[in-house]
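Undergrad: model this:
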Amino acid sequence: MSHKRIPKRKAAIAVGGVAALGAAALLLPSANASQTNGDAATPRTFKANDISNVASMLATQLGDTFAGSYYDAQQKQLVVNVVGNDSNAVAQIEKAGAVAHQVQNSTAALEAAAKTLKADATVPGTSWSVDPKTNEIRVTADSTVTGDKWNTVQSTVKNLGSGVATLAKSAGTLKPFVDGGDAIFGGNVRCSLGFNVTASDGTPAFLTAGHCGVAAAKWSDSQTGASIATVDQATFPGAGDFSLVKYDDPATQTNSAVNVGNGQSVQINQAVEAAVGQQVFRMGSTTGLHNGNVTGLNATVNYPEGTVTGLIQTDVCAEAGDSGGSLFTQDGGAVGLTSGGSGDCTAGGETFFQPVTTALAAVGATLGAGDAGAAGAGGAADPSASAADPGAVDPGTGAAADPSASATDAAGAGTGATGTNHRHRKHHKSGAAAQQSAAASGDGSGLVSTP
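TA: Model (predicted):
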């Protein structure tokens, strides 16, 4: 794919691929501002980026009584689980504008159950996460888990007791999203840039998937191009799936934005914690822009390469070549980096993401860099406006809004780096050039591929 270099080498966040019209429509501006009702006991309506702050505050205040929380997207309300009939806890929850929900399992009980699963049911092809909506652990086994392996997982879940965990079969196969395609290139693999950041030493860098970072040390924005970035740190498998990749040119200036096509981009203004029930958008070089909801937190995924913990589980689809790509909210919150999953964007599936907040803390970086105020290809956009019919546009044709138009450069700038110590120059795309790159670069896809 081709990238246009701008005089100041400004780059937008790489989120390659053509934006599907459906998701983009959802990103259109909407009246979803946080509101406070006159009666303190009346639930508030929350903006997506406010959920995690209020939930964290209540978790601290309630202590052991707190048993998780989730976002009721239809009512735009925060629901907080409490163990037992504690009127003081209910009063604190209502004072914060949230809705109290009495449940059976405490956070400690669910954590203990997760430890049992890790000890007795760590089988490749399985995953589990806490679902605060049901107050249970949701365990999933893919199509490779059969025979004695299935019996082991099934018996372990059963022995946890009634109402603690559920077990379901998945038709697909759990794997990091690696496959042939175009995006950022590192040796024989390709991935996508997630978010531009500033490293602890003040140099420009970007985040992508850890399995991309361990696959290659240097990354380019074209299959045969020179390296523009070098991997500084990478974690996979283990406690996460993330890499910090530094741009080779220390003068690189980057934008904190995701291009969603039609000359528009979503400005990324902060890193936010995910909340179950929260609507999120994913940009990828292979499949473009798609949206869905967070379905689980602190997920453990047993990939063939090893176990990864602390992930976000969603019902957003993704495919090979989307690894490392951006997961974000409508109002500009950076949520995650595409890790892997099962299924595809035709039949559907589930995808797991590395939380941006924990990745930033682990590598010592801060979100954004350079002139972060620039919005890339154009004005602010609502990602949902392009994600509307994810399957309606071929990511390679450029027929619809190409998210890579703005995010491509970011992707090009950041995506060009694979997995070792390399710095990457960020490039900005817009208009036709961006659309062309969608097919060739797959910026922002987050999945690793082999060209």
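
Undergrad: give me phi/psi at residue 318?
TA: phi -160, psi 160 (degrees, to the nearest 10).

Undergrad: Quick check, it in contact with residue 287.
TA: Yes. Between residue 318 and residue 287 there is a contact under CB atoms under 8 Å: 6.4 Å. (C-beta placed from N, C-alpha, C; glycine too.)

Undergrad: Identify each buried residue in the longest strand along the chain, please.
TA: Counting by DSSP state E, the longest strand found in the chain is strand 288-303. Residues of strand 288-303 classed as buried by neighbour count (16 or more other CB atoms under 10 Å): 288-292, 294-303.

Undergrad: Which single one of the residues you listed is nearest to residue 367?
TA: Distance to residue 367, by CB to CB, is smallest for residue 294 among those, at 19.2 Å.

Undergrad: How much space separates that closest one from residue 281?
TA: Distance of residue 294 to residue 281, given as CB to CB, to the nearest Å: 12 Å.

Undergrad: Also residue 50?
TA: Taking CB to CB, one finds residue 50 at 18 Å from residue 281.

Undergrad: Compare the two and say which is more crowded by neighbours.
TA: residue 281 (30 against 20; other CB atoms under 10 Å).

Undergrad: in this protein, which helix or strand is least confident?
TA: Using mean pLDDT, DSSP states H and E, the weakest-scoring helix or strand in the chain turns out to be helix 431-441, at a mean of 27.

Undergrad: re earlier: tell me which helix or strand comes right after the longest strand of the chain.
TA: Using DSSP states H and E, the next helix or strand after strand 288-303 towards the C-terminus is strand 306-314.

Undergrad: List of residues touching that following strand?
TA: Here strand 306-314 makes contact (CB atoms under 8 Å, 6 or more residues apart in numbering) with 118, 122, 127, 129, 138, 236-241, 274, 280, 282, 292-301, 327, 335-336, 339, 350-355, 358.

Undergrad: OK, contacts around residue 81?
TA: Counted by CB under 8 Å, 6+ apart, residue 81 has contacts 66, 67, 68, 69, 101, 102, 103, 132, 135.

Undergrad: Figure out the helix or strand that it lives in.
TA: strand 77-83.

Undergrad: What residues sit buried inside the helix or strand hosting residue 110?
TA: Assigned by DSSP H and E, residue 110 belongs to helix 107-120. Under the neighbour-count criterion of 16+ other CB under 10 Å, helix 107-120 has 107, 109, 110, 113, 114, 116, 117 buried.

Undergrad: Report the backbone C-alpha coordinates of that helix in PDB.
TA: Output of helix 107-120 as PDB, limited to C-alpha atoms (Å, rounded to 0.1, in the frame of the first residue of the first chain):
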ATOM      1  CA  THR A 107     -16.000 -10.900  43.700                       C
ATOM      2  CA  ALA A 108     -13.800 -13.100  45.900                       C
ATOM      3  CA  ALA A 109     -15.900 -16.100  45.100                       C
ATOM      4  CA  LEU A 110     -15.700 -15.600  41.300                       C
ATOM      5  CA  GLU A 111     -11.900 -14.900  41.600                       C
ATOM      6  CA  ALA A 112     -11.600 -18.200  43.500                       C
ATOM      7  CA  ALA A 113     -13.600 -20.000  40.800                       C
ATOM      8  CA  ALA A 114     -11.300 -18.500  38.100                       C
ATOM      9  CA  LYS A 115      -8.200 -19.800  39.900                       C
ATOM     10  CA  THR A 116      -9.800 -23.300  39.900                       C
ATOM     11  CA  LEU A 117     -10.400 -23.100  36.200                       C
ATOM     12  CA  LYS A 118      -6.800 -22.000  35.700                       C
ATOM     13  CA  ALA A 119      -5.500 -24.900  37.700                       C
ATOM     14  CA  ASP A 120      -7.800 -27.700  36.400                       C
END
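
Undergrad: tell me what it is packed against?
TA: Packing partners of helix 107-120 (3 or more CB pairs under 8 Å, 6 or more residues apart in numbering; DSSP states H and E): strand 66-72, strand 126-131, strand 136-141, helix 147-159, strand 288-303.

Undergrad: Mean confidence (pLDDT) on that helix, please.
TA: For helix 107-120, the mean per-residue pLDDT is 96.

Undergrad: what's the angle between that helix and strand 306-314?
TA: For helix 107-120 against strand 306-314, the angle by axes from the mean of the first three to the mean of the last three CA atoms, to 10 degrees is 140 degrees.

Undergrad: Report the angle between helix 107-120 and strand 66-72.
TA: Orientation check (the same axes, to 10 degrees): helix 107-120 against strand 66-72 gives 90 degrees.

Undergrad: And for helix 107-120, what's in contact with it?
TA: Residues contacting helix 107-120 (CB under 8 Å, 6+ apart): 64, 66-68, 128, 130, 135-137, 139, 152, 156-157, 159-160, 164-165, 298, 300, 307.

Undergrad: Likewise for stretch 151-168?
TA: Stretch 151-168 is contacted by residues 104-105, 109-110, 113, 116-117, 120-121, 123, 126, 128, 134-141, 145 when judged by CB under 8 Å, 6+ apart.

Undergrad: Mind listing what's buried along the host helix or strand of residue 57?
TA: Here residue 57 sits within helix 51-62, counting by DSSP H and E. By neighbour count on 16+ other CB under 10 Å, the buried set for helix 51-62 is 51, 52, 54, 55, 58, 59, 62.

Undergrad: So what does residue 84 have for phi and psi?
TA: Torsion angles, degrees, to the nearest 10, at residue 84: phi 80, psi 180.

Undergrad: ok, now which ones touch it?
TA: 65, 102.

Undergrad: so how far is residue 100 from it?
TA: Distance from residue 84 to residue 100, counting by CB to CB: 11 Å.

Undergrad: what is in contact with the two at once?
TA: By CB under 8 Å, 6+ apart, no residue touches both residue 84 and residue 100.

Undergrad: do you know how far residue 66 is from residue 163?
TA: 19 Å.

Undergrad: So if I had to pick from those two, which one is more boxed in?
TA: residue 66 (21 against 12).

Undergrad: Excluding covalently adjacent residues, which one is nearest to that one?
TA: Leaving aside its sequence neighbours, residue 66 sits nearest to residue 59 (CB to CB, 6 or more residues apart in numbering; 4.7 Å).

Undergrad: Am I right that residue 353 is in contact with residue 335?
TA: Yes. Residue 353 lies in contact with residue 335 (CB under 8 Å); the separation is 7.0 Å.

Undergrad: just to revisit the earlier point, residues in contact with the helix holding residue 57?
TA: 46, 66, 69, 71, 78, 80, 82, 89, 92-93, 96-98, 272-275, 278.

Undergrad: on that earlier part again, the inter-axis angle of the longest strand of the chain versus strand 306-314?
TA: Orientation of strand 288-303 against strand 306-314 (the same axes, to 10 degrees) gives an angle of 140 degrees.
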